[in-house]
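> sequence plus predicted model, see below.
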Amino acid sequence: MKETKEQRKMRMCAKAVETKVAEELYKASLPKRMMDAHALAQKLYVNVSLKLGNNGPILTFHDENKGFYETKINYDTEEWEIDIVERNLNEIVAANDAAALRYQIAKAVFDTLTLEQKDAIKEHIYTLR
């Protein structure tokens with residue numbers, strides 16, 4: 001069945017309204033997402049600076065060791081840009097959690113060793129790599 005001009009116009013209008021609503025929802029969520037990203041970055045010791053621009057706050061993440069190369073987000077930021085920042089921060093959280101788990105495993109194993117075994121490992125730990 002072929003679409004009539006009226007049906008096409010209605011479909012295009014509905015799509016435009018849907019796009020506008022999605023954009024408004026994103027714009028409404030942006031301040032909280034920026035605040036959460038800022039708080040998480042500080043918690044993870046990622047270098048972040050906050051400046052006030054003409055259109056509101058500007059967050060700049062600059063920590064090359066953790067994957068941020070002068071990454072800026074503000075109220076004009078597109079959704080994919082803040083998604084990347086959030087993804088990078090969540091990857092840092094996952095890496096930190098994995099390192100903490102590996103430490104707990106190593107500590108549990110180390111605590112089961114005898115004193116002689118612990119001394120031997122401490123003496124030769126760097127040659128065992």
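Yep, it's here.
> need phi/psi at residue 56.
When read as degrees, to the nearest 10, the backbone of residue 56 gives phi 120, psi -170.
> repeat for the one 4 residues further on
Backbone torsions of residue 60, given as degrees, to the nearest 10, read phi -120, psi 120.
> cool, and residue 52?
Phi and psi for residue 52, reported as degrees, to the nearest 10, are phi -100, psi 120.
> what about it, distance to residue 46?
Distance from residue 52 to residue 46, counting by CB to CB, to the nearest Å: 20 Å. The way it works is simple: take the backbone N, C-alpha and C, and place the C-beta from them, glycine included.
> okay, these two: which has more neighbours?
residue 46 (22 against 8; other CB atoms under 10 Å).
> now do the nearest residue to the more buried one once chain neighbours are set aside against residue 10, distance only.
Leaving out its chain neighbours, the residue that sits closest to residue 46 by CB to CB, 6 or more residues apart in numbering is residue 63, at 4.7 Å. With distances taken as CB to CB, residue 63 is found 49 Å from residue 10.
> have a look at the two and say which one is more surrounded.
More crowded of residue 63 and residue 10, by other CB under 10 Å: residue 63, with 18 against 12.
> I'd say that one and residue 42 touch.
No. Residue 63 is beyond contact range of residue 42, at 11.4 Å (criterion: CB atoms under 8 Å).
> what does residue 45 show for phi and psi?
Backbone torsions of residue 45, given as degrees, to the nearest 10, read phi 60, psi 40.
> what about it, how many neighbours?
With other CB under 10 Å as criterion, residue 45 counts 12.
> same question for residue 70.
Number of residues near residue 70 (other CB under 10 Å) recorded here: 9.
> element containing residue 75?
Under DSSP states H and E, no helix or strand contains residue 75.
> what sits against it?
Residues near residue 75 by CB atoms under 8 Å, 6 or more residues apart in numbering: 27, 30-31, 55-57.
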